[in-house]
Every structure is written in structure tokens, then in C-alpha cells.
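[1] need coordinates for the following:
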Amino acid sequence: MKCSSLLIFFVILILPLSAFSVETPSVVINEIAWMGSVTSANDEWIELKNNTNEDINLEGWFLKTTDEKIKIYLTGKIPANGFYLLERTDENSVMNIKADIIYTGALSNSGQSLELYQNSSILIDHLGFSSKWPSGDNTTKQTMERIDNSNWQTSKNPGGTPGGENSIIQLIEILEIKPVVPEEIKNLKEPTTYPDGIFINEIMPAPEGPDDTNEWIELYNNNNFAVDISYWKLQDTKGAITNYTLPKNTILQSNGYLVLKRSQTKITLNNDEDVINLILPNGRIADSTSYKEASKNQSYSKTLSGFTWTENTTPGSINNISASSFEKIVLLNKEKPDNSKTNTNFNTASITDGVTSLTKTNPWFLFLTALAVAIVSGIIILVVKLKIFKK
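    Presented below is the predicted three-dimensional model:
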């Protein structure tokens, strides 16, 4: 019995950490007082947390409800591994703790969906609780605290922990109230599958003019149906690793193109060499391309025979490879000799092909061959005549 209890304990402890772990965003919505405080229901506040070891500038960031009844443009910085406090209406929402920003608008007690954006287009964090808040208590005014990417808890004390680490109580609750049993494992959803046929189709690493406005990456859908590529990622792996997550509701139409500029992705394409990965939401690499020594004002375009540099850049349309570029592809992909044949046949074919090629391309070869035959023939005739004369 004791052994069984220990086994269940370790299964409970390990499964949430390994089987269901996902990448944590750099900044998350960490705690919400959607119910207000014991003083006033209007004393609502929201707390953000920086999960990195560096300060993050929040200029250009905003937090909003999906119905946009609340939209808060952020300012200032959030310190490394620190917190950022948003208080509703005035400084009185949280006593004795200075707000980083004041906002207007009320959260619904029945639930709300929130989205945190960087630079107006990059979705950093999303809470889909429009039908019901998963935690928090409107009666006791205990707040809703984040545990990890998927789980929330009700704070240990009324008023929660604004500006500080969340309560440490959830592990005990999981062990006592929510044990993982075989029936729950049986009902787990199958992993999401993603279609093939989405490619990195063309990139422009060394454009004329400023790189920060003229660099771009093009994706292509080779399927005859549209594909939702929300939350897929582009990753630049050379130098400073940069990830760009495609926002929600990003649809790539059948046989369609999507051009992503550097100003949007923040991905810097190196001129000396680089590797670009297209990554699925489950972490698997869907496509990848690499290059060395980018050609000036040429795009690196996908063809049936591989990638090549071309002056005919075609962002948003079918690739158009120039004749010179096509010749390079043909030379690089010439059919190799059939090694299954015998060495004799291989050598004969090689010599014959060489002679044929040489005779077609060099008239001096024909002249020198004829001259050599004439000289040898003359010597033979002379030797024969001398022998006859001696007799």
C-alpha cells in the first residue's frame, strides 16, 4: 500500500512538469484582482511578471480585453524577474504600493479574455476566460494567481500578493484534491496535428537600402486548402537567437504567400551566413533553410532543385528564377555516373564522351590529329621502301 501511494505521488509530481510543459512567455499576466478589494469592488488591479533576467522596455506594448472595452498602453520598464502593477482608476486600488500605470474600465465578474501585445502585433500572452474566471473569490476578495502556463489558483489571503511572488499553496491542493487517476489520463485529448506543405519560400537578407525596412521572409502554402498558422514561429539561429510568433487568426490561403518584414518579426538576417527555421506550436521544425555569403540585392529563392540566389525578387508571388541562376542549378544537380555499371563500361563512356566533346568544341584537335596520322603514315611508307630497296 505504501509503495502504491509513493508511486502515485511521483506520477502526480512528474507528469505536470514533463509531459505538459510549454515555453513560458517573457512577460506574463501574473495576477488579477477582478473582484476588487474588501474596501471597494472598484479596486481592481492587474499584475504582469518579467520571467527573464533582463529589464524589458514596455514602450509600444499594450494590454486589452478581446472586446477592447479595456485597452491599456504600457510605458516604462519592467525589471528583470520583477513585476509591473496596473491599478484601475487611481492609486487607491492597492494601498501602500505605487502603481506603474493607472487605467480605466471594469473587468467582468463573470469572466474576461485578456491579450498582451508587444509592438502592436506580437501576441505575448493570452487568457481565454470569457465565460468564467478559473480562480479568485468575489466573497472573500482573494485574487487569481498564476501557477504556470495553464494553471491558476486562488490566493492564500484576501488581497493577494501585488508586486510580489504568488502564494505557494497549489502543490498541496493538487495532491489532496486533484490526483491524476487512470480515467483522467484516458480522457486526455490527442495531440494536435499540423499539415505538411508550408515552406520558407524566399528570403531577402541583403537588400538595397536600409536592412531594417527592406529585409523580409516569405512563406508559401503548397496545399489546395487554407492553413491556420497561428502561433507558428520563425526562428533565426545564427548570432542572437530571435523568435517571432505568428499572431492569432493568421491564415495562409491555399497556394498563397505571406511576406513578413523585419520591422514586424524583429529577425535580423545576417549577410555572412544564417539559418531560418519554421517551427510548429508543438516545437517540431516544419521547414528550415540556410545560406552562406548573401548576394547583394538578390533573394534566396526555393526551386524544385533547392535554393538559389536570383535578381528576380518576387515577394508575394511565384518565384521567377533568372537564366543564369537556372544554369547554376543545372550544373550543381547534373546526373552522376551510374556506379552500378562495370569500370570498363564507365571508362569507355567517359573517354568517348570526352573525345566527342573535344572534337565539337576545338577544331585544332582535328588538324593536329590529321597531321599526326599523316606523319606516321609517311614514316611507315618510307621504312617499307628502304627495306625493298635493300633487297
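
[2] show me what the closest residue to residue 255 other than its chain neighbours is bridged to.
    Spatial nearest neighbour of residue 255, excluding adjacent residues (CB to CB, 6 or more residues apart in numbering): residue 221 at 6.3 Å. From N, CA and C alone the C-beta is placed, and that goes for glycine too. Note on residue 221: beta-bridge partners by DSSP bridges are residue 198.

[3] what's the separation between residue 221 and residue 253?
    7 Å (CB to CB, to the nearest Å).

[4] again, but for residue 214
    According to CB to CB, residue 214 and residue 253 sit 25 Å apart.

[5] cool, residue 277 as well?
    Distance of residue 277 to residue 253, computed by CB to CB: 23 Å.

[6] okay, the two: which has more neighbours?
    Set residue 277 next to residue 253 and count neighbours by other CB atoms under 10 Å: residue 277 wins out with 17 against 12.

[7] then that one would be within a helix, right?
    No - read with DSSP: H, G, I helix; E, B strand; the rest coil, residue 277 is strand and lies in no helix.

[8] what's the nearest residue to it if we skip its chain neighbours?
    residue 235 (4.3 Å).

[9] how near is the one you found to residue 245?
    Counting by CB to CB - residue 235 and residue 245 are separated by 10 Å.

[10] neighbour count for these two, which is higher?
    residue 245 (21 against 17).

[11] residue contacts, the more buried one?
    122, 123, 231, 232, 233 (CB atoms under 8 Å, 6 or more residues apart in numbering).

[12] assign the residue lying closest to residue 51 once chain neighbours are set aside to helix, strand or coil.
    Closest residue in space to residue 51, ignoring its immediate chain neighbours: residue 24 at 5.5 Å, by CB to CB, 6+ apart. Under the three-state scheme (three-state DSSP), residue 24 adopts coil.

[13] so residue 246 touches residue 227, yeah?
    No - between residue 246 and residue 227 there is no contact under CB atoms under 8 Å: 11.2 Å.

[14] list the neighbouring strands of the helix or strand hosting residue 87 plus their orientation.
    Following DSSP states H and E, one finds residue 87 within strand 83-88. Here strand 83-88 is paired, per DSSP bridges, with strand 45-50 (antiparallel), strand 101-103 (parallel).

[15] can you list the ones you listed in a markdown table and add mean pLDDT?
    Listed next are the strands paired with strand 83-88 as a markdown table, based on pLDDT from 0 to 100:
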| stretch | mean pLDDT |
| --- | --- |
| strand 45-50 | 96 |
| strand 101-103 | 95 |
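
[16] mind checking these for the one nearest to residue 195?
    strand 45-50 (35.1 Å; CB to CB).

[17] quick one: secondary structure of the residue nearest to residue 277?
    Per three-state DSSP, residue 235 ends up strand.

[18] so who does it touch?
    Residue 235 neighbours (CB under 8 Å, 6+ apart): 241, 242, 243, 244, 276, 277, 278, 279.

[19] which among the residues you listed gets closest to residue 136?
    residue 243 (31.7 Å).

[20] phi, psi for the closest one please.
    phi -110, psi 140 (degrees, to the nearest 10).

[21] wait, isn't it in contact with residue 232?
    No - under the criterion of CB under 8 Å, residue 243 makes no contact with residue 232, lying 10.8 Å away.

[22] on that earlier part again, wait, which of the strands paired with strand 83-88 is closest to residue 61?
    Once the strands paired with strand 83-88 are compared by CB to CB, strand 45-50 is nearest, at 9.2 Å.

[23] what's the first helix or strand after the closest one?
    Downstream of strand 45-50 (by DSSP H and E), the next one is strand 56-57.

[24] and that following strand, which strands flank it?
    According to DSSP bridges, strand 56-57 has these partners: strand 77-78 (antiparallel).

[25] give me the neighbour count for residue 83.
    Neighbours of residue 83 (other CB under 10 Å): 19.
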